[in-house]
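Chemist: Below is the sequence, then the predicted model.
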Amino acid sequence: MNASAVVSARGARRWAEGHPWIFRSDVVTPPSAGPGTIDVVDQRQRPLGTALWSPESEISIRFVSRESGVTLDAAWWERMLSLALARRAGLIDAETNACRLVHGEGDGLPSLVVDRFDRWLVVQLLSAGLEAHRGVIVAALQRLVPNEGILARNDASVRSREGLTRGVELLAGSVPETVEVREHGVRYLAAPHTGQKTGAFLDQREARVFAGSVARGRALDVFSYHGSFALHLARRAETVTAVDVSGAAIARAAENAALNGLTNITGVEADAFEFLRAEEARGAQYDTIVLDPPAFAKNRGAIAGAMRGYKEINLRALRLLAPGGLLYTASCSYHVRKPEFLALLEDAAADSGRRVILRAMTGQPVDHPEVLTVPETGYLKGALLEVQM
Ligand code: SAH
């Protein structure tokens, strides 16, 4: 028997419309239980389903099923994880050995992230209700995905808002400091223990391959991190300049270039805004530019400033392109939605005085599924622009 919570009509409606989160303000009667599985009913006692309960979180309830009384036992986790794995069938192959296996709400498994890097798994348990199921989740992963080690990157800041401790923990086997990732003809080192996210930006895999396929001439990879775009660009472009404010990131980018035997990549440790300004001032020109900045808008209040930042880098990049040049530009700010992203590109194009063609818009790769009724599952968008004259 699961303990039971009563939620408001507004909360019930949200779930009826396909969003699994119930905020604290819509919990009418909390369950008499600690974090874990609960049943949820509306104020007329009509059953709404089974959910994860996080007593300390603003996001108090996360639905996992429309059925009530579901026990989240080994069989349940194996069934749900198998569905997520089936969604990635064929993805791990000759072309790549790393992908996201579980994308939280995108796979109907709220607050759970599982990434595979070759023979190792990196997980994130991002809510108290989910954390309560840690043992059974790890056991299910062990049965379903042969691996040599499972690492928890539970250092994510959202865990604090759940009343959970933060840290990096080894959950099974052993996980090396670096893992060599194969990605459509290039190789790079992921850093599961210390790297950003779970060790690498798997969400840009398809975009990197795409940008690499159209790259040429003098190329620039701004916000390069470990040089993952630069590696793809360098296969077709003559030269690639990889820019990042972090010296450690640029050092790793150089290591990755050497790993691929690429000698046409130059790393520059610099602030992107200053770098682009200085390049414009000296009249530099490029044929291919990639902009993959961090999320400038971390919350709603930061949107206006973020839009100014995005506009500036995109405007400067457009001005730096030679006629016929290409810009692949991305934004991973959840708070900047697709229409706003397109509008800021239109704005930058207008100010650039150039004729700019929208060649393609890109979204998240297949292993980061985006649920239409759960906007939070979608944050990454990109565009390929061509400057005609
Ligand atoms: N393109 C990468 C991911 C980039 S993540 C990939 O595909 O893997 C964003 C990067 O921007 C980080 O490496 C961070 O160090 C860098 N960064 C953040 N602010 C910056 C700034 N003002 N100037 C230059 N780089 C910056």
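Modeler: The structure has been received and is ready for your questions.
Chemist: Near residue 240, how many residues? Count them for me, please.
Modeler: Counted by other C-beta atoms under 10 Å, the residues lying close to residue 240 total 30. Quick note: C-beta positions are derived from backbone N, CA and C, even for glycine.
Chemist: so what's it up against?
Modeler: Neighbour list for residue 240: 219, 220, 221, 230, 233, 234, 264, 265, 266 [criterion: C-beta atoms under 8 Å, 6 or more residues apart in numbering].
Chemist: what about residue 302, how many residues close to it?
Modeler: By the measure other C-beta under 10 Å, the count of residues near residue 302 is 16.
Chemist: quick one: secondary structure of the nearest residue to residue 99 once chain neighbours are set aside?
Modeler: With sequence-adjacent residues excluded and distances taken as C-beta to C-beta, 6 or more residues apart in numbering, residue 99 is closest to residue 367, at 4.4 Å. Using DSSP: H, G, I helix; E, B strand; the rest coil as the criterion, the local structure at residue 367 reads coil.
Chemist: Quick check: which helices or strands does the strand or helix carrying residue 273 pack against?
Modeler: Using DSSP states H and E, the secondary-structure element containing residue 273 is helix 272-281. Using 3 or more C-beta pairs under 8 Å, 6 or more residues apart in numbering; DSSP states H and E, the elements in contact with helix 272-281 are strand 218-222, strand 239-244, helix 303-320.
Chemist: Pull the distance from the shortest one to the chain's centre.
Modeler: Spelled out, it's strand 218-222. Taking C-alpha atoms, centre = their mean, to the nearest Å, one finds the center of strand 218-222 at 22 Å from the center of the full chain.
Chemist: ditto for the second one
Modeler: Chain-centre distance of strand 239-244: 23 Å, with C-alpha atoms, centre = their mean.
Chemist: Residue 178 contacts residue 188, correct?
Modeler: No: counting by C-beta atoms under 8 Å, residue 178 sits too far from residue 188 to count as a contact (9.6 Å).
Chemist: Please identify which of the two sits among more neighbours.
Modeler: Neighbours per residue (other C-beta under 10 Å) separate residue 178 from residue 188, with residue 188 holding more: 27 against 17.
Chemist: A strand includes the more buried one, no?
Modeler: Yes: judged by three-state DSSP, residue 188 forms part of a strand.
Chemist: now it, nearest residue through space, not along the chain?
Modeler: Here the nearest residue to residue 188 in space, its sequence neighbours aside, is residue 256; by C-beta to C-beta, 6+ apart that works out to 4.5 Å.
Chemist: Next, see if the strand or helix carrying the one you found gets close to the ligand.
Modeler: Taking DSSP H and E as the definition, one finds residue 256 inside helix 247-259. Yes: shown here: helix 247-259 in contact with the ligand (C-beta under 6 Å from any ligand atom) through residue 249.
Chemist: Give me the contact list for that helix.
Modeler: Applying C-beta under 8 Å, 6+ apart, the external contacts of helix 247-259 come out as 180, 187-189, 191, 224-228, 230-231, 234, 242, 244, 263, 265, 267-269.
Chemist: Tell me how many other residues crowd the closest residue to residue 388 other than its chain neighbours.
Modeler: Distance criterion C-beta to C-beta, 6+ apart; nearest residue to residue 388, sequence neighbours excluded, is residue 355 at 4.3 Å. By other C-beta under 10 Å, 11 other residues sit near residue 355.
Chemist: need the contact list for residue 355.
Modeler: Contacts of residue 355 were listed using C-beta under 8 Å, 6+ apart, and they are 387, 388, 389.
Chemist: wait, the second one sits on residue 358?
Modeler: No: contact status for residue 388 versus residue 358: not in contact, 11.7 Å apart, counting by C-beta under 8 Å.
Chemist: Could you tell me whether residue 233 really is in a strand?
Modeler: No: read with three-state DSSP, residue 233 is helix and lies in no strand.
Chemist: which residues touch it?
Modeler: If you count contacts by C-beta under 8 Å, 6+ apart, residue 233 has them with 211, 212, 215, 219, 221, 240, 288, 290.
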